[in-house]
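In: requesting a structural model of the entry that follows:
(chains A, B, C and D)
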4 protein chains.
Amino acid sequence: MATVIQAAKTRLPQLLQTSLRGNIGVRAASTLDISGVYPPIPTPFNADESIAYDKLEFNINKWNTIPLRGYVVQGSNGEYAFLTAEERVEMVRRVKKMVPQEKLIIAGSGCESTSGTIDMTQRMAEAGAAAVMVVTPCFYKANMTNEAMIAHFTKVADTSPVPVILYSVPGNTGLDLSPEVIVKLASHPNIIGLKDSGGDVSKLGLVAFRTKEKGFQILAGSAGFLMPAYSVGCVGGVCGLANILGQELCTLVELFKAGKMKEAEALQQRLVGPNASVTKQLGVPGLKAAMDDLGYYGGPTRLPMLPLTESQLTAQRNVFKESGYM
Amino acid sequence: MATVIQAAKTRLPQLLQTSLRGNIGVRAASTLDISGVYPPIPTPFNADESIAYDKLEFNINKWNTIPLRGYVVQGSNGEYAFLTAEERVEMVRRVKKMVPQEKLIIAGSGCESTSGTIDMTQRMAEAGAAAVMVVTPCFYKANMTNEAMIAHFTKVADTSPVPVILYSVPGNTGLDLSPEVIVKLASHPNIIGLKDSGGDVSKLGLVAFRTKEKGFQILAGSAGFLMPAYSVGCVGGVCGLANILGQELCTLVELFKAGKMKEAEALQQRLVGPNASVTKQLGVPGLKAAMDDLGYYGGPTRLPMLPLTESQLTAQRNVFKESGYM
Amino acid sequence: MATVIQAAKTRLPQLLQTSLRGNIGVRAASTLDISGVYPPIPTPFNADESIAYDKLEFNINKWNTIPLRGYVVQGSNGEYAFLTAEERVEMVRRVKKMVPQEKLIIAGSGCESTSGTIDMTQRMAEAGAAAVMVVTPCFYKANMTNEAMIAHFTKVADTSPVPVILYSVPGNTGLDLSPEVIVKLASHPNIIGLKDSGGDVSKLGLVAFRTKEKGFQILAGSAGFLMPAYSVGCVGGVCGLANILGQELCTLVELFKAGKMKEAEALQQRLVGPNASVTKQLGVPGLKAAMDDLGYYGGPTRLPMLPLTESQLTAQRNVFKESGYM
Amino acid sequence: MATVIQAAKTRLPQLLQTSLRGNIGVRAASTLDISGVYPPIPTPFNADESIAYDKLEFNINKWNTIPLRGYVVQGSNGEYAFLTAEERVEMVRRVKKMVPQEKLIIAGSGCESTSGTIDMTQRMAEAGAAAVMVVTPCFYKANMTNEAMIAHFTKVADTSPVPVILYSVPGNTGLDLSPEVIVKLASHPNIIGLKDSGGDVSKLGLVAFRTKEKGFQILAGSAGFLMPAYSVGCVGGVCGLANILGQELCTLVELFKAGKMKEAEALQQRLVGPNASVTKQLGVPGLKAAMDDLGYYGGPTRLPMLPLTESQLTAQRNVFKESGYM
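Out: Residues are numbered from 1 along each chain as shown, chains lettered A, B, ... in the order given. Below you'll find the predicted structure:
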């Protein structure tokens, strides 16, 4: 890792001279169409917490049969916060080899520091990512002002070899990227979209309205509000639920696009309960348990995330039964 | 007020004996169809903070020409927290006289105490309300458990002469009525619906799914997510914005029902900015200023709510201009 | 109530002309020494939720034997949010008759509206309050800016016949009165102190430092941080726990003043558990149950606050036993 | 880094078999006395964001002349979230060489994953740390239950070669380690104390009361409540302010211990404003600017933390002037 850090340091002085608006010369990347449904894939582990690449392949082979637009590798569901830098990159490298060319790979490259994010972005691109998704830094919450966010994402986008997608996930970070910041950043030629897991569709509608002429693309960050998000102008979703009910989510989008609103409404409603269980209620351990139940490999999480208790598992299964998915 | 309180006290011992599920004998009120768009009307004040009933009539006459389903009197936008009990009831009485028979009057009758809410509900019904909307008590937050909420709303519904609509508005109360509580209360024959201003459409979809066979009716509490709410099964909206852009909101609903999704999406997006300004950003002072700008009577709020500053007013007007409404 | 409201309306136009700093002519009330320990007394109810004035007298007679500085009537523990305006005033009137002259009566007179607070303040003073404690309005949270708070408290203090004590209780209101606002308001000759229940002693130290030369008096709003509060310059406490362990709290203050820090520390530590149980953990139902356990009349709360469950009661008793108070 | 990770993986299966209470054989480390004042030292950077070890030595030499108990390396003020694993360890290694034997070095070794924390703890001990301070993991907030926290800290303490200090810093992590969890973990022979930056002294008093017989040592996490913390049984402080006003903090503790409460109170009050500025208001950029102002090397932070604006700097200087420290 030392070498890469060294490279970053050498680059940084010139970065610091870059004005926030100085993105002249960066290639216009806005032509990459990211619309569609993506699972933010979990990282499968063996019992000893090492990465189970064979299980990854097993899952990918199943997902490849579904009309998903691609894969998000190292989103929150990927337990990226528990992986080493090398593991994060290796996951992208492996997935790239396992999927057909037409599937888009979006890699989460966010780190707390700007320089760390810049390096990770570079490495993710080299590993095969078609675009990167950059989460808001969050540890120094009080300092993560709008100005700091704009500076951070601008610097990252200035140097990224692939298009950048902003990533706001307040449930994990405690921070919600503001519409003002997003709209400003949408002017950057190398920032092409947003994944927003906050669930505030009013905000998504506002951002869609204010970035319409820029071709900015918004992805809903959860299946719980996928159709509502489409109804205000979003173009896709990165949905934990797509790891287990990927076909249903693709069908939901098709129904919506075909204007079959009543059927879409009914399907959306059925999905909300299972989605809530594997996301905000039980999180990754819930998702992995559901994967085990539904024919995928879920397996354990890394500690300190604990496996579901018996009663949590039963409750989750009841929710899936209520919706007819078990 | 003393007489009414007295009556309540006499009733209370027997209330305390009522089991939470003991709603036998309460008439099935679920036939009242509350679908459609409602403005939660502001209370107009004169410069001395007295209620300007003439200005109320001026506004009502304008609203009566729009295909709104009815009026919500004493919602949060009605500054009910600043009115005396008598003023709250008198507003309902006056509005009832000013509107045609077919317009539904929903009155906010929530108080902090259960007995106070029961009395106010009674008085609102006598004053002409077709239904009451009951906000979650919130001062003793730590004690407002799910059990307390269920007991409260059950007791109110047990004795209410008109159907009850639950009202969750976390931005003001700091409390979000949970899906579990709502689903349980939806079994009460005198609880027919929910107004939810929280903006979490996943929650609305879940509640819609779990109360479908009960005919429970959900109203979106803000125009910012009106179409998304419809897309998951809501049947209407109580929207501050309907006080100024009522026709646009009715049109939005029509477009949605006609399956004209692209036009609906474009209209929804245009409305989000103005809506945010007159609700969560500037609140009632923002709404009243916009009413003054758009041909209604807005006038002052009661203190401690302050009028907009010059810069706030300018910012709001710019938002309306951006959307083409000024 | 109509008469009083009428009076307020007549007064309001001239109030509106009062500049925020225009408190010339208001009597300097800062000579009232409010230092010491106060119980914020609960309102005792009969089984039918009517006020049990006989039980109030029973409690007061016991408290009168303890060297408490006085009584806070209609603090949060008084369930004031559940009382009618008339009941709130009547409680003060009764307490005034039950206590010796030297005991100070501080009455909670806060309402959501400024005009309502002005009226209630007037009535509380007439009923015998030596000072009023005015809680921050909180329903329209987004509008309760620093400017709104300053205007509100200034208007109330301008017209109050008795000194005003600011009251910040974020656990109930969701709002924390900022140090900046408090320091500004401390310049008003009729605003003599602050009761702060937030528990942030850094804030209390900062306010004490910045208001030192003004003789501003700060009361800790909970026994959980009473000695820490004294250690940064507070002069007293309004403590729910003083309703049951009043003598212990008076002893704690004496130990502190005598410089017996080790004994004070040990006593303070013993009090934290019981205090937490009857305040933020179980609230008024917890306090009332402990009163019943310890020889006072606690009795029921008004709904929607529910009585303790068996397991809550057992847990609370164990906490009191751990500290040797049962 | 790969080697270390490998080692961790080899160890993990056996770790997973360790019962939560199975700490037999771990040496009793509770004899390490950690009482006293510590600065959580910032990591000094050059203009290109590389670590300025010469500036570190410059600062350390100044701090060494003050009766501080030791140094916390890689606390939040150390920008540890922005450092690579190697940089984190190297900082400890360097500091160890710069300070006299009697100064205690406490190293922050917390990572998001349990296995990562175990490795980092091992490395910090090898680099010279006398104890480690382990922050609560926080990214997967919803999963960081009490059970997860207990499992995490138990596993770390089971294998740590040096005593472990729990670290709760809700302002950064959004999580507050609960008294129940702390009291349980205090029974572990290798968990000797807590650093708590939350500012809730009631909680600290409760924990002190419930862990008294175990010799558990609590350190206040901020100078803003240092004396209040001592007054409820804390034995020291890890205070950002100690980086610039270390002597004053040592004096404050002496005054308190000598029972000179009035002088202690006055000094504590003077310190609150400057403390607030360099911690929760402006954070590390504020602290570094104050260091530059007061004869230490502050220098830049790493991005995305931005340097102070002119107006922020002026405001901070005014606060220091108000207290007589500039």
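
In: give the contact list for the closest residue to A:Ala242 other than its chain neighbours.
Out: Among residues not flanking A:Ala242 along the chain, A:Pro39 sits closest, at 3.8 Å (Cβ to Cβ, 6 or more residues apart in numbering or on different chains). No exception for glycine: its C-beta is placed from N, CA and C like everyone else's. A:Pro39 makes contact with A:63, A:68, A:71-72, A:238-240, A:242-243, A:246 under the criterion Cβ atoms under 8 Å, 6 or more residues apart in numbering or on different chains.

In: which of these fall within strands?
Out: When strands are assigned by DSSP state E, the members of the contacts of A:Pro39 inside them are A:71-72, A:238.

In: and chain A, which of its residues are near chain B?
Out: A:199-202, A:205-206, A:208-210, A:212, A:222, A:224-225, A:227-229, A:231-233, A:256, A:259, A:261, A:264-265, A:268-270, A:272-273, A:275-276, A:323 (Cβ under 8 Å from any Cβ of the partner chain).

In: touching, A:Phe229 and A:Ile218? I think so.
Out: Actually, residue A:229 is Ala rather than Phe. Yes - A:Ala229 lies in contact with A:Ile218 (Cβ atoms under 8 Å); the separation is 7.3 Å.

In: any residues in contact with both of the two?
Out: Common neighbours of A:Ala229 and A:Ile218 are listed as A:Leu204 (criterion: Cβ under 8 Å, 6+ apart).

In: among the residues of chain A next to chain B, name the buried ones.
Out: Listed as buried from those are A:199-202, A:205-206, A:208-210, A:222, A:224-225, A:227-229, A:231-233, A:256, A:261, A:264-265, A:268-270, A:272-273, A:275-276, A:323; burial here means 16 or more other Cβ atoms under 10 Å in any protein chain shown.

In: how long is stretch A:197-213 from one end to the other?
Out: 23 Å (Cα to Cα, to the nearest Å).

In: how far off centre is it?
Out: Offset of stretch A:197-213 from its chain centre (Cα atoms, centre = their mean, to the nearest Å): 17 Å.

In: and that stretch, anywhere near chain D?
Out: No - contact of stretch A:197-213 with chain D (Cβ under 8 Å from any Cβ) is absent, the minimum separation being 12.5 Å.

In: now, which of the buried ones among the residues of chain A next to chain B lie within helices?
Out: The members of those that map onto helices under DSSP state H are A:201-202, A:205-206, A:208-210, A:227-229, A:231, A:256, A:261, A:264-265, A:268-270, A:272-273, A:275-276.

In: related to what we said a few turns ago, could I get the phi/psi values of the residue nearest to A:Ala242?
Out: phi -90, psi 130 (degrees, to the nearest 10).

In: pretty sure A:Ala148 is in a strand, no?
Out: No - counting by DSSP: H, G, I helix; E, B strand; the rest coil, A:Ala148 falls outside a strand, being helix.

In: please report how far A:Asn318 lies from B:Val183.
Out: 14 Å (Cβ to Cβ, to the nearest Å).

In: near chain D at all, stretch A:151-166?
Out: Yes - counting by Cβ under 8 Å from any Cβ, chain D is contacted by stretch A:151-166 at A:151-152, A:155.

In: give the buried residues for that stretch.
Out: A:151-160, A:162-166.

In: quick one: end-to-end length of it, please.
Out: Terminal-residue distance, stretch A:151-166 (Cα to Cα): 13 Å.

In: what's the mean pLDDT across it?
Out: Stretch A:151-166 shows an average pLDDT of 98 in the prediction.

In: swap in stretch A:122-135?
Out: Rounded mean pLDDT across stretch A:122-135 is 98.

In: ok, stretch A:276-286 next?
Out: In this model, stretch A:276-286 has a mean pLDDT of 97.

In: cool, and stretch A:219-228?
Out: Stretch A:219-228 comes out at a mean pLDDT of 98.

In: may I have the helix or strand where A:Gly116 lies exported as PDB, CA atoms only?
Out: Here A:Gly116, judged by DSSP states H and E, is contained in helix A:114-127. Provided in PDB are the C-alpha atoms of helix A:114-127 (Å, rounded to 0.1, in the frame of the first residue of the first chain):
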ATOM      1  CA  THR A 114      -9.700  12.800   0.200                       C
ATOM      2  CA  SER A 115      -6.300  11.400  -0.700                       C
ATOM      3  CA  GLY A 116      -7.300   7.900   0.300                       C
ATOM      4  CA  THR A 117     -10.500   8.200  -1.900                       C
ATOM      5  CA  ILE A 118      -8.400   9.400  -4.800                       C
ATOM      6  CA  ASP A 119      -6.100   6.400  -4.500                       C
ATOM      7  CA  MET A 120      -8.900   3.900  -4.100                       C
ATOM      8  CA  THR A 121     -10.700   5.400  -7.000                       C
ATOM      9  CA  GLN A 122      -7.700   4.900  -9.200                       C
ATOM     10  CA  ARG A 123      -7.300   1.300  -8.100                       C
ATOM     11  CA  MET A 124     -10.900   0.500  -8.500                       C
ATOM     12  CA  ALA A 125     -10.800   1.800 -12.100                       C
ATOM     13  CA  GLU A 126      -7.700  -0.300 -12.800                       C
ATOM     14  CA  ALA A 127      -9.500  -3.300 -11.300                       C
END
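
In: how about that helix and chain D, touching?
Out: Yes - judged by Cβ under 8 Å from any Cβ, helix A:114-127 comes into contact with chain D at A:114-116.

In: now swap in stretch A:80-92 and tell me
Out: Yes - on the criterion Cβ under 8 Å from any Cβ, stretch A:80-92 is in touch with chain D at A:81-82, A:84-86.

In: between A:Asn318 and B:Val183, who's got more neighbours?
Out: B:Val183 (16 against 13; other Cβ atoms under 10 Å in any protein chain shown).

In: you'd agree that one is up against B:Val207?
Out: Yes - using Cβ under 8 Å, B:Val183 makes contact with B:Val207 at a distance of 6.4 Å.

In: circling back to that earlier point, closest to chain C out of the residues of helix A:114-127 next to chain D?
Out: A:Thr114 (31.2 Å; Cβ to the nearest Cβ).

In: any idea how far the closest one is from chain B?
Out: 30 Å (Cβ to the nearest Cβ, to the nearest Å).

In: could you do A:Lys103 as well?
Out: Separation of A:Lys103 from chain B (Cβ to the nearest Cβ): 27 Å.

In: tell me which residues of the helix holding A:Gly116 come out buried.
Out: Applying 16+ other Cβ under 10 Å to helix A:114-127 flags A:114-125, A:127 as buried.

In: take those and write them to JSON lines, including distance to B:Val134.
Out: Output for the buried residues of helix A:114-127, formatted as JSON lines (distance: Cβ to Cβ, whole Å):
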{"residue": "A:Thr114", "distance to B:Val134": "50"}
{"residue": "A:Ser115", "distance to B:Val134": "54"}
{"residue": "A:Gly116", "distance to B:Val134": "51"}
{"residue": "A:Thr117", "distance to B:Val134": "49"}
{"residue": "A:Ile118", "distance to B:Val134": "54"}
{"residue": "A:Asp119", "distance to B:Val134": "55"}
{"residue": "A:Met120", "distance to B:Val134": "51"}
{"residue": "A:Thr121", "distance to B:Val134": "52"}
{"residue": "A:Gln122", "distance to B:Val134": "57"}
{"residue": "A:Arg123", "distance to B:Val134": "56"}
{"residue": "A:Met124", "distance to B:Val134": "52"}
{"residue": "A:Ala125", "distance to B:Val134": "55"}
{"residue": "A:Ala127", "distance to B:Val134": "56"}
